[in-house]
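Q: could you look at this predicted model? Sequence included:
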Amino acid sequence: MEMVNIKINGMPLSVPAGSTILEAARQHGIEIPTLCYLREINEIGACRICVVEVVGMRNLVAACVYPVAEGMEILTNSKRVFASRKTNLELILSTHNRSCLSCVRSGNCELQKLCKDFRIYDETLYDGEKPASDYDDSAVHMVRDNSKCVLCRRCAAACAKWQDVAVIGPNGRGFNTHIGTAFNQNLSDVACVSCGQCIVVCPTGALSEKDNTKDVWRALSDPTKHVIVQTAPSIRVTLGEAFGMHIGTNVEGKMVAALRRLGFDGVYDTDFAADMTIVEEANELVERIKNGGKLPMITSCSPGWVKYCEHYYPEFTENLSSCKSPQQMFGALAKTWYAEKTGIDPKDIFVVGIMPCTAKKFETKREDESASGYPDVDVSLTTRELARMIERAGMYLPKLPDEEFDAPLGTSTGAGVIFGATGGVMEAALRTAKEWITGESGETVEFQEVRGTEGIKEASYQIGDLKLNVCVASGLKNAKKVLESVKSGEKEYHFIEIMGCPGGCVNGGGQPVQQAAVRNFIDLKARRAAALYENDKNKPIRKSHENPVVKEVYETYLGSYGSHKAHEILHTSYKKRNRF
Amino acid sequence: MYRSHVLVCGGTGCTSSGSERIIAALEHEIQENGLTEEIKVIKTGCFGLCALGPIMIVYPEGAFYSMVKPEDIPEIVSEHLLKGRIVTRLLYQETVQEDTVKSLNHTQFYAKQKRVALKNCGVIDPENINEYIGLNGYMALGKVLTEMTPEQVIQTIKDSGLRGRGGGGFPTGTKWSFAAAQPAGQKYVCCNADEGDPGAFMDRSVLEGDPHVVLEAMAIAGYAIGANQGYIYVRAEYPIAVKRLEIAIGQARENGLLGKDILGTGFDFDIELRLGAGAFVCGEETALMTSIEGRRGEPRPRPPFPAVKGLFERPTVLNNVETYANIPQIILNGADWFASMGTEKSKGTKVFALGGKINNTGLVEVPMGTTLREIVEEIGGGIPNGKKFKAAQTGGPSGGCIPASLIDIPVDYDNLISIGSMMGSGGLIVMDEDTCMVDIAKFFLEFTVDESCGKCTPCRIGTKRLLEILDKITKGKGTLEDLDKMEELCYHIKANSLCGLGQSAPNPVLSTLKYFRDEYVAHIVDKKCPAGVCKALLNFTIDPEKCRGCTLCARACPADAISGSVKQPHVIDPAKCLKCGACMEKCKFGAIYKK
Amino acid sequence: MKSLAELQALRDSMKGKIGVRDDAEGNTRVVIGMATCGIAAGARPVLAAFTEEVSKRNLQNVTIAQTGCIGICQYEPVVEVFEPGKEKVTYVKMTPEMAVKVVNEHLVNGNIVTEYTIGAKTK
């Protein structure tokens, strides 16, 4: 690698040519604060918080985008630099809704941290007219409060560059610039896929999930309700982050303990429903291949992806597996099989999902998702909302004991666990499909080719007489690439797994927010996914069709895989949605 | 063969003062008099003396008729065109001589001018490529393609000392050499025709009057850097320029001067137009390219510079219209010819758009280093109504005010920077003693606040806060601390903004603070606007000695603020007065004062 | 256009056509009296002849202009030739044929056509 010699704060350093001042400084342990910078997708030099002095230059430069050059002398901590950053912060504060005490991001707000670091003592210094700001809570899954927006545009970058959706972006100009949809329509009226990636990259409280915790509190305090909770596979490896634990810590036992202490009547695992999904979906795949059905079949577990497909690629809705997502299968079975088994009237069963996802909120409101006549799932909370409930109840997660999920809906396999990472559904399905097609119980359960955080992965497996071509994509920009290659005939797959968020559910829009300072330099998806694969490895049962409760459900209730009853309860339908 | 050519200005100024009707009347009269075979009417680009429009010149005499009305046409045709008697009464006064017509070049307006960029404006029919060719058009392109290497072209431009006329003044040859040094592959040549400074219209005039010069120069640049595609980014608000460019590109293609294998040399070059919606920031080079790419026109950080990574991330040369207008002549006449004009570091000429409180408003082109006094007093004909020169504003919203004490400064890039202004694209607004400098600063800042793209913090919020402080001061509510706060904020915005727009936005405030601080202080401490402009600080009063009680003022007052009985002195109630000045205009006795 | 030579040829043919707009000093000016008296005596064909011939011979530094009554109406059509630094030459009672000769003899070769001048006619 070509290196150049520079000086930072007088220290002579050798750094890679072509790196930015920010990267070069960081390599040598010198931190430069940032606000708008998001590595790879938002390198725009807009907020001017990362400004530094370059000796000999009249103006300050933005460290996040300015490349180093041989002989460059940089000052990152001079008086002028501090004063400039401070004034930029004060200017931002003059337009900011400073109701920090009640803000959802209080304590985890990047602007708040910067103000603290730079000792802003007069937050009203540059007060004047505030730009008009809209408050949009039209969407099911989130709220946009532009009075707290700092116009860093990280949300717009995530929406456009990760998801290729670009439903929000800067409107207007100058002082009236604001983030909004085209023609400032309601978010509910545009082709937003509800993925929530904008929320997890927002530095402030301008974007947040729609808080449904009060609905859950109300149900919990209602003696007539049998309130049960299910936790998605990825929650156990991310919830700890909200309590300051290391990224990638599995807190399954403590999470169960917390939920039980919150007063849920049954603490169950979506992993069980994931196993259900696999057997139902693997069966669907085998049927489609055998009977000349629509191929490639594409997974339908990710509601952000499903909504994207309906808006942007309606011609592919027939390719979607008709299986409900694990969250919905759980709810459907809870209010039918489980209701019957426990003798509780389904109208009194209140199902709460703890999901890594904001689109799951939208999913609960979809049509054709009420197997019992009542909505399969009553409330879907994000990981963040659960963390807030735990905090409010006065519990400190790291100190809780490890407890076990309840039976019967808490019994799961390793295949269900890995649903939370990109490639996990594919791998779980392959574990089952392979055995079904070949009729042999194999020892190998790991399909390394479909693991990893790359956006698009391909593999071919010889299973019996069939050469099965599969593809795994995460992030909708990658999904688009795959769909286009299928559409053009360039690629032929039998089975495609698509997750709406880059890296899958572990990096979902409902996960704990990690500040850009962390996100920019640590691969969250990889660390969180590693914890899931570790969990899978240690599970006694690693194939969905071997889950004893799954077997019981089919034997005692549904009959066979893909039976008429299974279809009524576990399958759903899709529709074309408008793009504009 | 025509014995006489009548050139009528078809620039935007004269078009709006009615030159189209003049042309129609001329053609009609010429027909009536049976002169169609002898007299040719040509619609040209701008002559520069826009204040006197519509303008026409009759050659070979060079008779310069100004403020022509359609009803004057029969007389001009029968007297001048038929009988050869110049209609003196309609001539531009300065050109009237005892027995003959004085050449336009000898008038005060034109005498000190040196037309290089504007050479063909007002001389040729811009919609006829042959006229451009007749005046050596495309010969420079022919020369570089057949006689020069790209390196020689760049060296010639470097040697000429030409600097960018868009405002920054970066050496053009150096810019080209950077793009030329990039590895071969797709490269682009762009023309910035997104002229946006209030009052500046030299680029429009070149595009309207001599569009081919831009095409020729872009092709030369393409040859020099190894590009075969050009884009002209022009404001959609310049319909005449757009139309003429479209015609010119079409004609150049038909004649094989754009397209494949130009003049049989194997060099390919073509040009496309891109229309901008008129956002000021799109004149900033990176924003302009972002806009051409079809995205929201916002600046992006530099480096990488356009010469390395420009349009569509490819090496790109971007120059403005006036810069290009100099190129063919530099190639034909040589670098030394060009470098012989101007000052040590600023070579050649510069076009200025004279505006504001000056007699000859219009376009002037002078050698670099001409003093502000020559431009204002001689070429511009001084200040109307015998008022005193107070300041000149150059560089538009990015520039600053030059006070009367510096009127003898030779105008070039570096001198203007040194006194806190800048060349900018060449707007030159003259102010007299009735101009309030705080109000001027506010005017320009309102412009930048409106035109800020909103991307970076200092420009988006900082300029707005500056404007709020200025507004407070003009309303008499400012404090002396505000001046310090404002100055600090100015320096902050300059040092921290992402692009040139923000980095220069505070200049109007800083330069007025520097040269006219006392006016700011008067607003703050004495609660007075010395120039009598800031309404909140004005009081209208009626002198009882002079008032005859005619009641005209009371009837004119929209706010019922004036009371008094007939034939008795009237009184203005300051609490009700809106300070609109209607009473003062109506008073026949000069009894109403504002102070 | 496929070569520089073609471009040059077009340029040269155009030069004559727009040379009329060149009012540079140093040009020879041919001024034709075009008042009522001149027109009545036939000044217009004379003017046309001058224009044609000058263009045909591609004379670059000649300006053809018209003026009003020169004051010697009995000699119309009157044509005055002003050469820089030389005495004015006045031709009288001109015809288109004479005009052609003046162009060829006087303007091209520099020999004044004495027999057409006012001096010869008033003798």
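A: It's in.

Q: dump whichever strand or helix holds A:Glu534 to PDB, restricted to CA.
A: Using DSSP states H and E, A:Glu534 falls within helix A:524-537. Once non-C-alpha atoms are left out, helix A:524-537 reads as follows in PDB (Å, rounded to 0.1, in the frame of the first residue of the first chain):
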ATOM      1  CA  LEU A 524     -22.700  -4.900  13.500                       C
ATOM      2  CA  LYS A 525     -24.300  -7.500  11.300                       C
ATOM      3  CA  ALA A 526     -21.300  -9.800  11.400                       C
ATOM      4  CA  ARG A 527     -20.900  -9.700  15.200                       C
ATOM      5  CA  ARG A 528     -24.600 -10.200  15.900                       C
ATOM      6  CA  ALA A 529     -24.900 -13.000  13.300                       C
ATOM      7  CA  ALA A 530     -21.900 -14.800  14.800                       C
ATOM      8  CA  ALA A 531     -23.700 -15.100  18.100                       C
ATOM      9  CA  LEU A 532     -26.700 -16.700  16.300                       C
ATOM     10  CA  TYR A 533     -24.600 -19.300  14.600                       C
ATOM     11  CA  GLU A 534     -22.900 -20.000  17.900                       C
ATOM     12  CA  ASN A 535     -26.300 -20.600  19.500                       C
ATOM     13  CA  ASP A 536     -27.300 -22.900  16.600                       C
ATOM     14  CA  LYS A 537     -24.100 -24.900  17.000                       C
END
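
Q: which is the next helix or strand following it?
A: For helix A:524-537, the following helix or strand on the C-terminal side (DSSP H and E) is helix A:548-553.

Q: buried residues, that following helix. List them.
A: A:549-550, A:553 (16 or more other C-beta atoms under 10 Å in any protein chain shown). C-beta coordinates here come from the backbone N, C-alpha and C atoms, glycine included.

Q: which among those are in contact with chain C?
A: Among the buried residues of helix A:548-553, no residue lies close to chain C (C-beta under 8 Å from any C-beta of the partner chain).

Q: in the stretch 151-300 of chain B, which residue sits nearest chain A?
A: Across the stretch 151-300 of chain B, the shortest distance to chain A (C-beta to the nearest C-beta) belongs to B:Arg296, at 6.5 Å.

Q: report the spatially nearest residue to that residue, omitting neighbours in sequence.
A: A:Pro170 (6.5 Å; C-beta to C-beta, 6 or more residues apart in numbering or on different chains).

Q: looking at this, the one you found is in a helix?
A: No - A:Pro170 is assigned strand when assessed by DSSP: H, G, I helix; E, B strand; the rest coil, not a helix.

Q: tell me the pLDDT of it.
A: Per-residue confidence (pLDDT) for A:Pro170: 96.

Q: equivalent analysis for B:Thr95, please.
A: Predicted confidence (pLDDT) for B:Thr95: 69.

Q: then the lengthiest helix in chain A to CSV, C-alphas only?
A: Longest helix in chain A, counting residues (DSSP state H): helix A:270-291. Taking Å, rounded to 0.1, in the frame of the first residue of the first chain, the C-alpha atoms of helix A:270-291 are listed here in CSV:
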residue,chain,number,x,y,z
THR,A,270,-40.6,-17.1,17.5
ASP,A,271,-37.9,-19.7,16.7
PHE,A,272,-40.6,-22.3,17.1
ALA,A,273,-42.7,-20.6,14.4
ALA,A,274,-39.6,-20.3,12.3
ASP,A,275,-39.3,-24.1,12.4
MET,A,276,-43.0,-24.3,11.4
THR,A,277,-42.2,-21.9,8.5
ILE,A,278,-39.4,-24.1,7.4
VAL,A,279,-41.3,-27.3,7.1
GLU,A,280,-44.3,-25.5,5.5
GLU,A,281,-42.0,-23.6,3.1
ALA,A,282,-39.7,-26.5,2.3
ASN,A,283,-42.8,-28.5,1.5
GLU,A,284,-44.0,-25.7,-0.8
LEU,A,285,-40.7,-25.6,-2.6
VAL,A,286,-40.7,-29.4,-3.1
GLU,A,287,-44.3,-29.2,-4.4
ARG,A,288,-43.5,-26.3,-6.8
ILE,A,289,-40.5,-28.1,-8.2
LYS,A,290,-42.4,-31.4,-8.5
ASN,A,291,-45.5,-29.9,-10.0
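
Q: downstream of it, the next helix or strand is which one?
A: Counting by DSSP H and E, what follows helix A:270-291 is strand A:297-298.

Q: quick one: contacts of that following strand?
A: A:284-285, A:288, A:309, A:316, A:319-321, A:494-498 (C-beta atoms under 8 Å, 6 or more residues apart in numbering or on different chains).
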